[in-house]
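Asks: task: produce atomic coordinates for the following.
(one chain, ligands or ions: 1)
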Amino acid sequence: MAALEQGSIVAVIGSGAMGAGIAQVAAAAGYPVKLFDTRPEAVEKAIADIGKVYTTLVEKGRMSGEAAIAARARLHSVATLKEVDDAALVVEAIVENLDVKRMLFADLENVVGDDCILATNTSSISVTAIAAQLRRPQRLVGMHFFNPVPLMALVEVISGLATDPAVAATVYATATAWGKNPVHAKSTPGFIVNRVARPFYAEGLRLLQEQAADAATLDAVMRDCGGFRMGPFELMDLIGHDVNFSVTQSVFNAYFGDPRFTPSVLQQEMVNAGFFGRKSGRGFYHYG
Ligand code: NAD
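Replies: As a prediction, the model looks like this:
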């Protein structure tokens, strides 16, 4: 199955950490991108930040000046959902909440054309469930990027029970055209990476609660001796505790309360405090 043609319009809904990264990658690969967010300031910030990243890439010799100017010109902010009516692919990267995602896709179905592919970047919610109430659930697929999107090659292309295999194949080929290494996966709780990563975070949090060592020491051991690129605490700070905690809750609930996936009260308190990690300036570490 071929990728969507270069020049096909991609809409990115939600312009936070993930939406901005997805837009950066798609625009650099030659696809015009329309960015929408319920907070218009998030779109403006995303476009400004992506522009700065392109400039840095030019300075480092990893992108030509012409390519950077062309990619920047492909980024468009839109103020209403109606303006994504000409999209060939919509990638949703909004809040990790089933009802909110369902509402968004129901609205999108009334806006986009019949051939438009609807993709969700959900970390853990059932793709089958997100699609279930659509008129055409076969066009919805998971397109799960990892943080930070421009640096992380993996994309999980997740099929729900109703997903048309041709839709999953097109998204797989398109992710490849964007320079990514996609894999196909079925809609299971946490998919592949967020499933196998749960014990990494959970055991780290338990060790911290039991005062085995402080977060910096535990991170250093996993990074420097364990061979992980990041330890669990610096990684949770990067992902965002709000996002990470809701993924754990979602996997726990999806497995009917399996104690292996019990969420951490320590992380719940971090979320209660608004200590979301890097994005809020404070998590297990302090930033800025
Ligand atoms: P974020 O909080 O940085 O950004 C979310 C953005 O969506 C915000 O700007 C918010 O204003 C906007 N938004 C919320 N509701 C909206 C709506 N109804 N319509 C339009 N915009 C809306 O979150 P994020 O980290 O970018 O995560 C986004 C999605 O990607 C979530 O589903 C998350 O689980 C998933 N994800 C996150 C990571 C990660 O490491 N952060 C990794 C993979 C997948």
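Asks: tell me where the stretch 101-250 of the chain has strands.
Replies: For the stretch 101-250 of the chain, the strands defined by DSSP state E, counting those that start in this stretch occupy 117-120, 140-144, 154-159, 181-186.
Asks: tell me the most buried of the ones you listed?
Replies: strand 140-144 (a mean of 28; mean count of other C-beta atoms under 10 Å). From N, CA and C alone the C-beta is placed, and that goes for glycine too.
Asks: and the chain, which of its residues are near the ligand?
Replies: With C-beta under 6 Å from any ligand atom as the criterion, the chain meets the ligand at residues 13-19, 37-39, 42, 93-96, 100, 104, 121-123, 145-147, 239-240, 243.
Asks: out of the residues you listed, which sit inside helices?
Replies: Among these, the members falling in helices (DSSP state H) are 17-19, 42, 100, 104, 239, 243.
Asks: now the strands of the stretch 101-250 of the chain in CSV, with mean pLDDT?
Replies: Converted to CSV, these look like this (pLDDT from 0 to 100):
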stretch, mean pLDDT
strand 117-120, 98
strand 140-144, 98
strand 154-159, 98
strand 181-186, 98
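Asks: using a markdown table, lay out these together with distance to residue 206.
Replies: Shown next, in a markdown table, are those (distance: least, C-beta to C-beta, whole Å):
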| stretch | distance to residue 206 |
| --- | --- |
| strand 117-120 | 31 |
| strand 140-144 | 27 |
| strand 154-159 | 27 |
| strand 181-186 | 28 |
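Asks: among those strands, which is nearest residue 218?
Replies: Nearest to residue 218 among those is strand 154-159; the distance by C-beta to C-beta comes to 24.5 Å.
Asks: the residue nearest to residue 87 when sequence neighbours are not counted is in what secondary structure piece?
Replies: If the residues on either side of it in the chain are set aside, residue 87 comes closest to residue 11, at 3.9 Å by C-beta to C-beta, 6 or more residues apart in numbering. Element membership for residue 11 (DSSP states H and E) is strand 10-13.
Asks: residue 87 reaches residue 36, doesn't it?
Replies: No. Using C-beta atoms under 8 Å, residue 87 is not in contact with residue 36, being 10.2 Å away.
Asks: contacting residues for whichever residue of the stretch 151-288 of the chain sits closest to the ligand?
Replies: Nearest residue of the stretch 151-288 of the chain to the ligand, counting by C-beta to the nearest ligand atom: residue 239, 3.8 Å away. Residues near residue 239 by C-beta atoms under 8 Å, 6 or more residues apart in numbering: 147, 277.
Asks: swap in 6 Å and give it another go.
Replies: Neighbouring residues of residue 239 by C-beta atoms under 6 Å, 6 or more residues apart in numbering: residue 147.
Asks: and the residue of the chain closest to the ligand?
Replies: residue 16 (1.8 Å).
Asks: tell me the pLDDT of that residue.
Replies: For residue 16, the pLDDT comes out at 96.
Asks: neighbours around the spatially closest residue to it that is not a sequence neighbour, how many?
Replies: Ranked by C-beta to C-beta, 6+ apart and with sequence neighbours excluded, the top spatial neighbour of residue 16 is residue 42, at 6.3 Å. Residue 42 has 18 neighbours, counted by other C-beta atoms under 10 Å.
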